[in-house]
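**Student:** could you work out the structure for the sequence below:
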Amino acid sequence: MTSSAEPARPPIWSRPARGLRGPTPTHSRDGIVAAAIAMADADGLGAVSMRAVAAALHTGAGSLYRYLSSRDDLLDLMVDRAAGELRPYPEADGDWLDAMLRLARRQLDLYRRHPWLVEVLPRPTAPGPQSLAWFDHCLAILRPVPAATTTKFEAIAMMTGVTSLFARQESAVPPVGFAGIDLAAYPNLVAAITDPSPSAPRDLFATTVRSVLRGLLTDDAG
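**Tutor:** Next up is the predicted model:
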């Protein structure tokens, strides 16, 4: 006997904030998400479980399932709640590249406040209302750019990827360097690290974001 696949469960955004049955609610979906974000900020994403969040709210894990069906629902809500912190968005007037860089900097600050975001963002999931609003604003900034819509989508995704890489690098353990390593077989590396000529300080984040966006969007437009 063959069985048909179960229909996909609608995203958390389109479901009621709590189950329609059961006792009067003592918590709210917003309160649960806020507690989970505080836990992730303090102890990392691995600390966030339905049981742990329930304990922080002084209730049983089973009670949370009146508001959420799984930890994945909770993670989706956490990401979208954090995306709301990108507001107020920078103005879309003026130079589009400057405006996108301002938005990228705001995104980098968000990842610094919530380091767990770089871990959870790659999950395949339906975007929530705050994430969609951010994406919509990016498209408003890029409206004057004569590039294909698919290219604009790719550019926004690449900007997010670059920003998350910088955030991840900032939170990583510093490299141990070359102390104690025999570099005799690597003359180009030796020449580079012993070069006495000073290098001018630069904003590597701004340079990278501008280069990625300009390369994708202006090449496509040309």
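**Student:** contacts for stretch 177-185?
**Tutor:** Contact partners of stretch 177-185, identified using CB atoms under 8 Å, 6 or more residues apart in numbering, comprise 189-190, 193. For glycine as for every other residue, the C-beta is placed from the backbone atoms N, C-alpha and C.
**Student:** for that stretch, measure first residue to last.
**Tutor:** In stretch 177-185, first residue to last residue: 17 Å (CA to CA, to the nearest Å).
**Student:** going by neighbour count, which residues in it are buried?
**Tutor:** For stretch 177-185, burial by neighbour count (16 or more other CB atoms under 10 Å) applies to no residue.
**Student:** what's the single longest helix in the chain?
**Tutor:** Secondary structure assigned by DSSP state H gives helix 149-171 as the longest helix of the chain.
**Student:** endpoint to endpoint, stretch 166-181 covers what distance?
**Tutor:** 27 Å.
**Student:** now it: mean pLDDT?
**Tutor:** The average pLDDT within stretch 166-181 is 76.
**Student:** show me what the helix or strand bottoming out on mean pLDDT in the chain is in contact with.
**Tutor:** Every helix and strand in the chain was compared by mean pLDDT, DSSP states H and E; the lowest is helix 187-193, with a mean of 83. Outside helix 187-193, the residues that touch it by CB under 8 Å, 6+ apart are 178, 183-184.
**Student:** list just the nearest of the residues you listed to Ile156.
**Tutor:** Closest to Ile156 out of these is Phe178 (37.8 Å), distances taken as CB to CB.
**Student:** where does that closest one sit: helix, strand or coil?
**Tutor:** Of the three states, Phe178 takes coil under DSSP: H, G, I helix; E, B strand; the rest coil.
**Student:** can you give me the distance of it to Ala82?
**Tutor:** Going from Phe178 to Ala82 by CB to CB, to the nearest Å gives 38 Å.
**Student:** show me the shaky parts of this protein.
**Tutor:** 1-9, 17-25, 172-176, 198-201, 220-222 (pLDDT under 70).
**Student:** spell out which residues make up each domain of it.
**Tutor:** 12-83, 88-173+185-221 (automatic domain parsing).
**Student:** CA-only coordinates of the very next helix or strand once past the least confident helix or strand of the chain in PDB, if you can.
**Tutor:** The element immediately downstream of helix 187-193 (helix or strand, assigned by DSSP states H and E) is helix 204-221. The C-alpha atoms that make up helix 204-221 are tabulated as PDB, following Å, rounded to 0.1, in the frame of the first residue of the first chain:
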ATOM      1  CA  LEU A 204      38.500  46.000   4.900                       C
ATOM      2  CA  PHE A 205      34.800  45.400   5.500                       C
ATOM      3  CA  ALA A 206      33.700  48.400   3.500                       C
ATOM      4  CA  THR A 207      36.200  47.600   0.700                       C
ATOM      5  CA  THR A 208      34.900  44.000   0.500                       C
ATOM      6  CA  VAL A 209      31.200  44.900   0.600                       C
ATOM      7  CA  ARG A 210      31.600  47.600  -2.000                       C
ATOM      8  CA  SER A 211      33.700  45.400  -4.300                       C
ATOM      9  CA  VAL A 212      31.200  42.500  -4.100                       C
ATOM     10  CA  LEU A 213      28.100  44.700  -4.800                       C
ATOM     11  CA  ARG A 214      29.800  46.800  -7.500                       C
ATOM     12  CA  GLY A 215      31.200  43.700  -9.200                       C
ATOM     13  CA  LEU A 216      27.900  41.900  -9.300                       C
ATOM     14  CA  LEU A 217      25.500  44.800 -10.000                       C
ATOM     15  CA  THR A 218      27.500  47.000 -12.400                       C
ATOM     16  CA  ASP A 219      29.000  44.200 -14.400                       C
ATOM     17  CA  ASP A 220      25.400  42.800 -14.900                       C
ATOM     18  CA  ALA A 221      24.100  46.300 -15.800                       C
END
